[in-house]
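Asks: Have a look at this prediction, sequence included:
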Amino acid sequence: MKTILEQISETVSRGFEKAGYDASYGKVGLSNRPDLCEFQCNGAMAGAKAYHKAPIMIANEVAEVLKDESAFSEIGAVAPGFLNIKVSDDFLAEYLNGMRTGERFGLEVAAPKKIIVDYGGPNVAKPLHVGHLRAAIIGESVKRICRYMGNEVIGDVHLGDWGLQMGLIITELKKRCPDLPYFDESFTGEYPKEAPFTLSELEEIYPAASAKSKEDDAFKEEALEATKQLQKGNRGYHALWEHIMNVSVPDLKRNYADLSVDFDWWKGESSVDKIIPGMVDDMKKNGFAHESEGALVVDVAEQSDTKEIPPCMILKSDGAALYTTTDLATLVDRKNNFDPDHLIYVVDKRQEMHFIQVFRCAKKTGIARKDTQLDFLGFGTMNGKDGKPFKTREGGVMRLETLIADIRETMLKKITENHETDPQEAEKTARIVALAAIKYGDLSNQATKDYIFDTDKFTSFEGNTGPYILYTIVRIKSILAKYKDALSGASALPEVIGLPQNDAEKALMLEITKFSQVIALSYEEIAPHRICAYIYDVCNAFNRFYHETRILTEEDTARKEGWIALLILTRDILETSIDLLGFAAPEKM
RNA sequence: GUCCACGUAGCUCAGCAGGAUAGAGCGUUCGCCUCCUAAGCGAAAGGCCGGAGGUUCGAAUCCUCUCGUGGACGCCA
């Protein structure tokens, strides 16, 4: 089904043609003067020059041609040359009924593409902290949007499980427990099945080792060497690495599940390690890679660059792989396993340079096809109320679990304050609302900008917040539930949406019609915040309508049934939209 | 130093394939519950869209310069 703007534009374009002008001037947009009209066309002013005619004359002629058009209840020319349009009730109701019966509410999708969204990047052995929140939330939403648009989409967590942090942990462990068999080079037996550390010990070991390496050069040297040994296949180190993974990954999975974030692939840097030697050889053989300052690099600077782009480093001067190496090898792996048309990296925007290098190198060396779309969606920093990076009161990095627990507690308090509820039920609802508060709070901002994580604001039921959205959906559900209860036996819910009965109802209907445009735009721009803005508009329109209309007590059955059908569509649109953002609504709250 | 992003109401943010009077929310002030969840709705006050030029019939939106803030600039990830 064509979007409402497309349909109206087509009609107006025909009008321009009939009046003797080029059809291209008939493009219609949303009105920016809702007090005057619902849709507007500015084509007459654009065409004035070409036709040497006053814009108002052109607009008048077009309006005259279209004055009997059944889709419009009003079309008029206004100085200096605007065409102001209101759609007819019949047209609007017909459009909504088309949405109701159409797949994806009439949203048209293009031929499916294969897309990989890379949006995790947590390091194993480290607990998730608030820095991982944005990647998870934005990436999950992007993945769902891509999928909704009919594409085949893979979400990959892309674990940091192969770099220096593993060497650091191994080295620190060696200092603490040198007698473990993993450090005995002559040991040939089987290593223990149980890890020599617990999760919380592991979480303590890494920061300790990291801190040590910053002060102690010898320790850092050792860690670098251990990293290299691990990558070379040292048996004991590899066994330790497996322990680290076995202890850490289940915990990561649990944390992501808590956020309703899930990945199709749990691959990591380690899973592409075997690819690296061959890839590097190819780059050398084909003349892409050369030595520079002891390291192996590929030049990626281009003539048109306005700044210097350093070469893409493939191997460090000690021969070890690094970030770029594994990212490139990952591209090789992904091509072999999935052959994606499009890759989207949801990563902190400070890593932009790195990805420019990787993308250019991949294209240049043929690791990515020339027509593969490589996108870097860099997100901004999550700041505290003071405008500085989000920290705990003590100034440390806050664990993600702690943050989520805090928000849940706040929500639980609010829910129990306002309503008497069963404690278990309240707990469940609090979890759902808390997730909405966090995710909506993040996604309603443009991803690329820094934003302020304000707990008080996000958990509020007032304003543009997750809880307000859920509250509105619950209101709708509540009416539908009551309506259903009153229905005799197995009668079906009414389906057909009727003509709007008042301004508030028409306004709600008009908001709903924007669905296709909004989803398509948020997909094109990879911009979930567009969906947030849309949802908020729909909720406001609904609440206004709700306030003016007594639905359940309406005596005119046809009217009432039309409203129920409209509520069902509103609910479905809202629930579909929040699902694209990565959260859901409860039945009651 | 070079390059990039951002600067919109007291605060937090939309709007940026140029259009008619720049929008929300919070906060402030004032109304509205015998009625489907008042966790709601309505209204008021609050702006030289950082500054200066330019392109255009028309600029918050495009271009140039300038000031301010943040970030990136080869062996961390």
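Replies: Received it, and whenever you're ready, just let me know what you need.
Asks: What confidence value was assigned to the closest residue to RNA strand B within the stretch 451-589 of chain A?
Replies: Ranking the residues of the stretch 451-589 of chain A by distance to RNA strand B (C-beta to the nearest atom of the strand) places A:Gly463 first, at 1.9 Å. In this view, the C-beta of every residue, glycine as well, is placed from N, C-alpha and C. Per-residue pLDDT puts A:Gly463 at 94.
Asks: Specify the local secondary structure of it.
Replies: At A:Gly463 the chain is in coil, as set by DSSP: H, G, I helix; E, B strand; the rest coil.
Asks: tell me which parts of the stretch 301-450 of chain A are close to RNA strand B?
Replies: Residues of the stretch 301-450 of chain A lying close to RNA strand B by C-beta under 7 Å from any atom of the strand are A:306-308, A:310-311, A:313, A:316-318, A:322-323, A:349-354, A:381, A:383, A:387, A:414-415, A:418-419, A:444-446, A:448-450.
Asks: how about 6 Å then?
Replies: Within the stretch 301-450 of chain A, the positions adjacent to RNA strand B are A:306-308, A:310-311, A:313, A:316-317, A:322-323, A:350-351, A:353-354, A:387, A:414-415, A:418-419, A:445-446, A:449 by C-beta under 6 Å from any atom of the strand.
Asks: Show the buried residues in these.
Replies: Taking 16 or more other C-beta atoms under 10 Å as the criterion, what is buried in those is A:Pro311, A:Met313, A:Tyr323, A:His354, A:Lys414, A:Ile415, A:Asn445.
Asks: So for A:Ile8, what's the nearest residue that isn't a sequence neighbour?
Replies: A:Val28 (4.7 Å; C-beta to C-beta, 6 or more residues apart in numbering).
Asks: Would you confirm that the one you found contacts A:Val12?
Replies: Yes. Counting by C-beta atoms under 8 Å, A:Val28 touches A:Val12, with 5.3 Å between them.
Asks: Tell me how many other residues crowd the residue nearest to A:Met1 when sequence neighbours are not counted.
Replies: With C-beta to C-beta, 6+ apart as the criterion, A:Met1 has its nearest non-adjacent residue at 3.4 Å, and that residue is A:Gly106. Using other C-beta atoms under 10 Å, A:Gly106 has 19 neighbouring residues.
Asks: re earlier: contacting residues for the residue of the stretch 451-589 of chain A closest to RNA strand B?
Replies: Each residue near A:Gly463 by C-beta atoms under 8 Å, 6 or more residues apart in numbering is listed here: A:Lys457.
Asks: So what does it look like in phi/psi?
Replies: Backbone torsions for A:Gly463, taken as degrees, to the nearest 10, come to phi 90, psi -170.
Asks: now the strands for the stretch 251-400 of chain A?
Replies: Remark: strands assigned in the stretch 251-400 of chain A by DSSP state E, counting those that start in this stretch are A:289-292, A:295-298, A:312-315, A:342-348, A:373-379, A:382-383.
Asks: related to what we said a few turns ago, so the residue of the stretch 451-589 of chain A closest to RNA strand B versus A:Tyr536, what's the distance?
Replies: 9 Å (C-beta to C-beta, to the nearest Å).
Asks: Okay then, goodbye and thanks.
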